[in-house]
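Chemist: What follows is a predicted protein model with its sequence.
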There are 2 protein chains.
Amino acid sequence: MRGIARLAQELGVSTATISRALNGNPNVNKDTRKMVLEAAQRLGYVANQAARSLAQGITRSVGFTIEIDQQSSTSTDFFFMGVIEGAQTVMAEHELDLLVLPCAKSQDHYTYLERFISRSAVDGIILAETRQNDKRIELLQSSGIPFVTLGRSDTGNGYAWIDLDFEGVMRTSIDRLVANGHRRIGVTVPLGQANYGAIFERAYRENLKRHGIEIDPALVLTTRHHEDDGAMVADALFDMDDRATAIVLFHEVTAIGLYRRLRERGLEPGRDLAIIGFRDEQSARFLSPSVTCFHLSLQDLGMAAARALLAQMPLTAHAFPKEPVQYCVPMELVPGESDAGPPVRAGVRAKDVAPVS
Amino acid sequence: MRGIARLAQELGVSTATISRALNGNPNVNKDTRKMVLEAAQRLGYVANQAARSLAQGITRSVGFTIEIDQQSSTSTDFFFMGVIEGAQTVMAEHELDLLVLPCAKSQDHYTYLERFISRSAVDGIILAETRQNDKRIELLQSSGIPFVTLGRSDTGNGYAWIDLDFEGVMRTSIDRLVANGHRRIGVTVPLGQANYGAIFERAYRENLKRHGIEIDPALVLTTRHHEDDGAMVADALFDMDDRATAIVLFHEVTAIGLYRRLRERGLEPGRDLAIIGFRDEQSARFLSPSVTCFHLSLQDLGMAAARALLAQMPLTAHAFPKEPVQYCVPMELVPGESDAGPPVRAGVRAKDVAPVS
DNA sequence: CTGAAAGCGCTTACAG
DNA sequence: CTGAAAGCGCTTACAG
């Protein structure tokens, strides 16, 4: 005999009583419960996960899907570690396990998700890196499993999502730059299929338009989460005739390469090019002049996502409001010195400053 | 009726036949199997995870434990993402799920692990970040669950582990530096309780000893995985009277702050201080002079760990050798320019070079 | 090759 | 407050 049956035999009570005692069912004699708890502790008894899930119909675990892909260096790693930490903390408070489900880029992320859902392997899903069109959201909706997405999508509606306030960040950024006299403002957008790339770019276009500035496609550059990609940005911006005087970076870390290449060209960040970073990343915090950017607590984001999910799960819903969570987390401006000044000698071309010949 | 029973009713066969057909049991008529497979596909039937696990006694999933802790910035994030990718790829080939189990720093990592083991939630464990004394290894051994650790430990023996060849790296590093005439050689060791810190430092001491160089505790510095911590290293090394002429860094990324601070002090990396980085990290690859370091494929490491685990699991052991895997992954020297020269004016103090007054 | 039946280890109405 | 029993949805000897 194993498991609960063995414990029952040992204590001379039924398995039902053991189960009740262990699960906090109030209909158990105080002394009985104490005896059971002690015995379980002493013998190291813990209910078998599979049997429990089968009997209860729930797993007490939630999945956090992430796409993993070291090679292509979209490298959102640091981002997700913080978010996961936040989410896991909240889940632990509710005695739920957070299982991170890594999907390799070589696998189909739809099929991958489908397997976990159809096998009822988790009670809820936090779906990261939504795409502009994302079949996974339809899958989640039709399956009926509670879920929340990290990121909006054009697919589906009425579901819970949390996203970053790209629009607010871009509005603040463009307003600052325009107020300082900038008109030739560039932007970098992330490589990859995630929706936030499209959102960031759209916000950029709309805010320029709002100020009556025409969009120049040449000022929209694509970067990966790489220090080096900033160098490419510097080259692109300063090799053009009507050069930019300001740029909003999606990956703040690219500021490192950008600063370096600017200086190699005899230019000074902040003076010859106004720079605003999107999210405050630790790696870029040492730069001087300091990069103006926006603060985001990854832990808070993870905690918010976890709560949005708990609000939908039968087990925990009672403690949360009923309306599906749908909002953009505001990000707080962290003013630096990288965008302080007005455009220097606007219209002067890089080659006049730092001869390339 | 739900699940397999419904499918059975629909097709007019027993649930046993369905189960056999779906699980690749050879004792099934070809046409029957085809019919079942098609029906399952069409109706989206997938066996319930919990029921299957309960009946089979296995979960077909393995856990990869990681400690997660954004705040303290040990930030081994980038490291583990690569390893996880490698491990997950191998597991997927064997139709096993890799579940990443994040343990927050605020939780007790022993209890955390114990829960997953005692509930039989996974069939195997990849344990990361072993400590010099690690009760978790005893727990794993006594529980009988197949496991492999990423990192050695003084606890337990005879179990499977994979580690990095810290000793080889340190031997090569010290040999190179000594061959160039260096005698005052510093080292940085990682903050935290992981065993690799202790191993790295021990290897440092032993290799200096081998060359008859006395150990100076002042040359052993602690760093986190932070660009900035390199600046602190520069200060520490050059503020002392008998300054170091060379340093071996545990976190290559600290080279960024180190280079910067050296230059602020009017010193040149590679010339005034020979520098060797441990693992080749993407973030530091843009530095000039290029940092001499050692290459490690994180994916390969993850794949090796996964295979070491599969070798112990009843389901997959047949395809692997029987002896427990126990070895250090060699790392290949990537010669750079940061440690090229001999000590410059050994004994000259920093203040003579760059007056601080 | 197939089915009836037992069993995996729990939980939970139901009856007392 | 407690127990006997059914049931969760699968798999797998066993018998044919």
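Modeler: Good, I have the coordinates. Numbers count the residues shown, from 1 in each chain, chains lettered A, B, ... in the order given.
Chemist: From A:N25, how far out is A:Q88?
Modeler: Separation of A:Q88 from A:N25 (C-beta to C-beta, to the nearest Å) stands at 28 Å. C-beta coordinates here come from the backbone N, C-alpha and C atoms, glycine included.
Chemist: and the two? which has more neighbours close in?
Modeler: Neighbour count, other C-beta atoms under 10 Å in any protein chain shown: between A:Q88 and A:N25, A:Q88 has more, with 28 against 12.
Chemist: Verify the stated contact: the more buried one with A:L98.
Modeler: Yes: between A:Q88 and A:L98 a contact is recorded at 4.4 Å, counting by C-beta atoms under 8 Å.
Chemist: Which residues are in contact with each of the two?
Modeler: Counting by C-beta atoms under 8 Å, 6 or more residues apart in numbering or on different chains, the contacts common to A:Q88 and A:L98 are A:A306, B:P102.
Chemist: Can you name the residues that contact A:V100?
Modeler: A:G63, A:F64, A:I66, A:I84, B:L99, B:V100, B:L101, B:P102.
Chemist: which SS class is the residue nearest to it when sequence neighbours are not counted?
Modeler: For A:V100, the nearest residue in space outside its immediate sequence neighbours is B:V100; the separation is 3.6 Å by C-beta to C-beta, 6 or more residues apart in numbering or on different chains. Assigned state for B:V100: strand (three-state reduction, DSSP: H, G, I helix; E, B strand; the rest coil).
Chemist: ok, now A:I126?
Modeler: A:I126 ends up strand, using three-state DSSP.
Chemist: Pull the contacting residues for it.
Modeler: A:I126 touches A:V62, A:G63, A:F64, A:T65, A:A87, A:F147, A:V148, A:T149, A:L150, A:A305, A:A306, A:L309, counting by C-beta under 8 Å, 6+ apart.
Chemist: how about the residue lying closest to it once chain neighbours are set aside, phi and psi?
Modeler: Leaving aside its sequence neighbours, A:I126 sits nearest to A:F64 (C-beta to C-beta, 6+ apart; 4.5 Å). Phi and psi for A:F64, reported as degrees, to the nearest 10, are phi -120, psi 110.
Chemist: where does A:G212 land on pLDDT?
Modeler: With respect to pLDDT, A:G212 scores 96.
Chemist: typo on my end, it should be A:R345
Modeler: Looking at A:R345, its pLDDT is 60.
Chemist: Likewise for the one 3 residues further on?
Modeler: The pLDDT attached to A:V348 in the predicted structure is 48.
Chemist: Break chain A down into its domains, please.
Modeler: As given by automatic domain parsing, the domain ranges for chain A are A:3-47, A:61-164+A:299-330, A:166-295+A:334-353.
Chemist: Need those domains in a markdown table (columns: distance to B:T130).
Modeler: What follows is the domains of chain A, written out as a markdown table (distance: least, C-beta to C-beta, whole Å):
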| stretch | distance to B:T130 |
| --- | --- |
| domain A:3-47 | 23 |
| domain A:61-164+A:299-330 | 20 |
| domain A:166-295+A:334-353 | 26 |
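Chemist: check contacts around the residue of the stretch 251-357 of chain A found nearest DNA strand D.
Modeler: Using C-beta to the nearest atom of the strand, the single residue of the stretch 251-357 of chain A nearest to DNA strand D is A:P314, 15.4 Å away. Contacts here follow C-beta under 8 Å, 6+ apart; on that basis A:P314 touches A:I58.
Chemist: do the same with the one 10 residues further on
Modeler: A:P324 sits next to A:G158, A:Y159, A:A160, A:A308, A:A311, A:Q312 when contact means C-beta under 8 Å, 6+ apart.
Chemist: Assign a three-state SS to A:T188, would you?
Modeler: Recorded secondary structure, A:T188: strand (three-state DSSP).
Chemist: Now for it, how many residues are close by?
Modeler: For A:T188, using other C-beta under 10 Å, the count is 29.
Chemist: Also A:P217?
Modeler: With other C-beta under 10 Å as criterion, A:P217 counts 5.
Chemist: again with A:L310
Modeler: Neighbours of A:L310 (other C-beta under 10 Å): 23.
Chemist: Any idea how many residues pack against the closest residue to it other than its chain neighbours?
Modeler: Distances taken as C-beta to C-beta, 6+ apart put A:T316 closest to A:L310, at 4.2 Å, once the chain neighbours are dropped. For A:T316, the count of nearby residues is 20 (other C-beta under 10 Å).
Chemist: Report the contact partners of A:T316.
Modeler: A:H94, A:L96, A:L310.
Chemist: Keep only those of those residues that are in strands.
Modeler: If you go by DSSP state E, these have nothing in strands.
Chemist: Turn those into a markdown table, columns for pLDDT and distance to B:L54.
Modeler: Listed next are these as a markdown table, based on pLDDT from 0 to 100; distance: C-beta to C-beta, whole Å:
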| residue | pLDDT | distance to B:L54 |
| --- | --- | --- |
| A:H94 | 93 | 24 |
| A:L96 | 94 | 20 |
| A:L310 | 96 | 27 |
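Chemist: Nearest to DNA strand C among those?
Modeler: A:L96 (15.0 Å).
Chemist: quick one: contacts for the residue of the stretch 151-300 of chain A found nearest DNA strand D?
Modeler: Proximity of the stretch 151-300 of chain A to DNA strand D (C-beta to the nearest atom of the strand) peaks at A:Y159, 25.0 Å away. Counting by C-beta under 8 Å, 6+ apart, A:Y159 touches A:I137, A:L140, A:Q141, A:F147, A:V148, A:T149, A:P324.
Chemist: Can you flag the buried ones in the residues you listed?
Modeler: Among the contacts of A:Y159, those that count as buried by neighbour count (16 or more other C-beta atoms under 10 Å in any protein chain shown) are A:I137, A:L140, A:F147, A:V148, A:T149.
Chemist: Among these, name the ones that also lie close to chain B.
Modeler: Among the buried ones among the contacts of A:Y159, no residue is within reach of chain B (C-beta under 8 Å from any C-beta of the partner chain).
Chemist: Sitting in strands, which of the residues you listed do you find?
Modeler: Per DSSP E, the subset of the buried ones among the contacts of A:Y159 in strands is A:F147, A:V148, A:T149.
Chemist: Relative to B:E264, how far out is the second one?
Modeler: Relative to B:E264, A:V148 is positioned 46 Å away (criterion: C-beta to C-beta).
Chemist: Please apply the same query to A:A179.
Modeler: For A:A179, the distance to B:E264 - C-beta to C-beta - is 33 Å.
Chemist: Which one of these two is surrounded by more residues?
Modeler: More crowded of A:A179 and B:E264, by other C-beta under 10 Å: B:E264, with 13 against 10.
Chemist: what's the pLDDT at A:T316?
Modeler: A:T316 is given a pLDDT of 92.
Chemist: and what of A:A236?
Modeler: 95.
Chemist: does it sit in a helix or strand, and which one?
Modeler: helix A:229-238 (DSSP states H and E).
Chemist: Determine how far that helix lies from the middle of the whole chain.
Modeler: Relative to the centre of its chain, helix A:229-238 is centred 26 Å away, using C-alpha atoms, centre = their mean, to the nearest Å.
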